[in-house]
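A.B. asks: Predicted model follows, preceded by the sequence.
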Amino acid sequence: MGDANITPDQMSGTAGGVGSIMSLIGSMRSADSASTAGSSARAAADYEAAQIEQNAGQAQAAAQREATIERRKTALLISRGLAVAAAGGGATTDPTVSRLLEDIAAEGDYRSGVAIYQGEEKARLQRMQAEGRRMEGANAEGMGESRASAYRMAGFGAALQGASSLYTKYGGGGPKKAAGVSTEWADYYDQPGQGYR
């Protein structure tokens, strides 16, 4: 029955040691969780940024299609203008007809350019948004790593404190002078508060 010889102080010390180990394990798991959460947040932000960039590319493609449609409309309007002028007995060299056709061409160029500009601007804003999401993801990952480091430090700190407590209780502090017992260094010590001889 070896258990009968365990004192309450020994039980307390053993529980303190186990508590320190459990605290360290808990801190390491919290650190792993914080690191994983940060990495997951970055991966999600990178994925979202890639989707936004894909949308930016589609916005540019849509703008190009819109510009092509505007150019086609302009070409049809010019062709119709020429046909109407010819049917009315006018010539393409007539200054009024020439001016109208030039106005139609200029309007078509303007509308085509506006379509491209709007698509480019939308794509630019989406790319900026994607870059912002990537920065948020990188920050989240950095914060996760910082939290993980803090958890690890706290865990090691708790473990060292527990080890220090056990050392002090069960083996630390050096030899002590008991009544009538001489120790190696205590022989040189007079009375408490008087210092060394």
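C.D. replies: All right, it came through fine. Residues are numbered from 1 along each chain as shown.
A.B. asks: going forward, measure contacts and count neighbours with C-alpha atoms only.
C.D. replies: Noted.
A.B. asks: Quick check: the gap between the residue lying farthest from the centre of the chain and Ala83.
C.D. replies: Distance from the centre of the chain peaks at Gly89, with 71.2 Å (CA atoms, centre = their mean). Gly89 is 10 Å from Ala83, where distance means CA to CA, to the nearest Å.
A.B. asks: go on, Glu141?
C.D. replies: Relative to Ala83, and taking CA to CA, Glu141 is found at 66 Å.
A.B. asks: and if you look at Ser33?
C.D. replies: From Ser33 over to Ala83 (counting by CA to CA), the distance is 74 Å.
A.B. asks: So between Glu141 and Ala83, which is more surrounded?
C.D. replies: Glu141 (22 against 15; other CA atoms under 10 Å).
A.B. asks: where does that one sit relative to Ser35, distance-wise?
C.D. replies: Glu141 is 7 Å from Ser35, by CA to CA.
A.B. asks: in terms of contact, does Arg127 touch Glu53 like I think?
C.D. replies: Yes. The pair Arg127 / Glu53 is scored as a contact, 5.6 Å apart, by CA atoms under 8 Å.
A.B. asks: Please enumerate the shared neighbours of Glu141 and Ser35.
C.D. replies: Common neighbours of Glu141 and Ser35, counting by CA atoms under 8 Å, 6 or more residues apart in numbering, are absent.
A.B. asks: pLDDT wise, what is the residue nearest to Ser39 when sequence neighbours are not counted at?
C.D. replies: Closest residue to Ser39 apart from its sequence neighbours, by CA to CA, 6 or more residues apart in numbering: Glu141 at 5.2 Å. For Glu141, the model assigns a pLDDT of 89.
A.B. asks: any idea which element Glu141 lies in?
C.D. replies: helix 95-170 (DSSP states H and E).
A.B. asks: so how far is that helix off the chain centroid?
C.D. replies: In terms of CA atoms, centre = their mean, to the nearest Å, the centre of helix 95-170 is found 9 Å from the chain centre.
A.B. asks: Check which helices and strands it sits against.
C.D. replies: helix 8-87 (3 or more CA pairs under 8 Å, 6 or more residues apart in numbering; DSSP states H and E).
A.B. asks: tilt between the helix it packs on and helix 95-170?
C.D. replies: Relative orientation of helix 8-87 with respect to helix 95-170: 180 degrees, computed using axes from the mean of the first three to the mean of the last three CA atoms, to 10 degrees.
A.B. asks: and helix 8-87, what's its mean pLDDT?
C.D. replies: Mean predicted confidence for helix 8-87 is 83.
A.B. asks: can you start the count at 26 instead of 1 from here on
C.D. replies: With 26 as the first residue, the last one maps to helix 33-112.
A.B. asks: and that helix, what does it pack onto?
C.D. replies: Packed next to helix 33-112, using 3+ CA pairs under 8 Å, 6+ apart, are helix 120-195.
A.B. asks: hmm, back to that, can you confirm the residue farthest from the centre of the chain is in a strand?
C.D. replies: No. Counting by DSSP: H, G, I helix; E, B strand; the rest coil, Gly114 is located in no strand; its state is coil.
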